[in-house]
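Colleague: Turn this into a model:
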Amino acid sequence: MKYMLLFYVADDAMQNLSPDELQGIQRQWGVFLNDVKGAPGASTDGLAPVTAATTVRVRNGKTLTTDGPFAETHEHLGGYLLVDCKDLDEAIRWAEKVPHARYGSVEIRPMWNAAAG
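Modeller: The predicted structure follows:
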């Protein structure tokens, strides 16, 4: 099943970071992007309803999941990744790797397949 991972981050999340912290985040993105090089490409399929969403946050090394697209109101969509996974658990493992999960959140939505009904 295809899952769209939507990356949310607060506007001010990066403002008070030191140059070393910013370089660390850039390195995290480099590792993450290297990990997903073999992942399936983007698609023009529609998204499933928001009632099918799961939001992932990683805080103090602990993964927290919430049913629904409950990003904080001060967060905005900063990017996305489309992945083909066997189930939601695998999609959550991908979401845990997204650097935004550490200072924002990652919403997971199954892709809607009109052909499947």
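Colleague: Bridged to residue 62, which residues?
Modeller: Beta bridges link residue 62 to residue 59, judged by DSSP bridges.
Colleague: Let me see the contact set for residue 28.
Modeller: 99, 102 (CB atoms under 8 Å, 6 or more residues apart in numbering). C-beta: built from backbone N, CA, C; applies to glycine.
Colleague: got a pLDDT number for it?
Modeller: For residue 28, the model assigns a pLDDT of 91.
Colleague: end-to-end on stretch 79-93?
Modeller: One end of stretch 79-93 to the other measures 18 Å (CA to CA, to the nearest Å).
Colleague: In it, which residues are buried?
Modeller: 81-83, 85, 88, 91-92 (16 or more other CB atoms under 10 Å).
Colleague: List the neighbouring strands of the lowest-mean-pLDDT helix or strand in the chain plus their orientation.
Modeller: None of the helices or strands of the chain scores lower by mean pLDDT, DSSP states H and E than strand 75-84, at a mean of 81. The strands beside strand 75-84 in its sheet (DSSP bridges) come out as strand 2-10 (antiparallel).
Colleague: just how off-centre is the following helix or strand past the strand it pairs with within its chain?
Modeller: Using DSSP states H and E, the helix or strand that follows strand 2-10 in sequence is helix 19-35. Centroid displacement of helix 19-35 relative to its chain, using CA atoms, centre = their mean, to the nearest Å, is 15 Å.
Colleague: Name the SS class of the most centrally placed residue in the chain, please.
Modeller: Geometric centre of the chain, nearest residue: residue 106, 3.3 Å, by CA atoms, centre = their mean. What DSSP: H, G, I helix; E, B strand; the rest coil gives for residue 106 is strand.
Colleague: thought it was touching residue 8?
Modeller: Yes. Using CB atoms under 8 Å, residue 106 is in contact with residue 8, at 7.3 Å.
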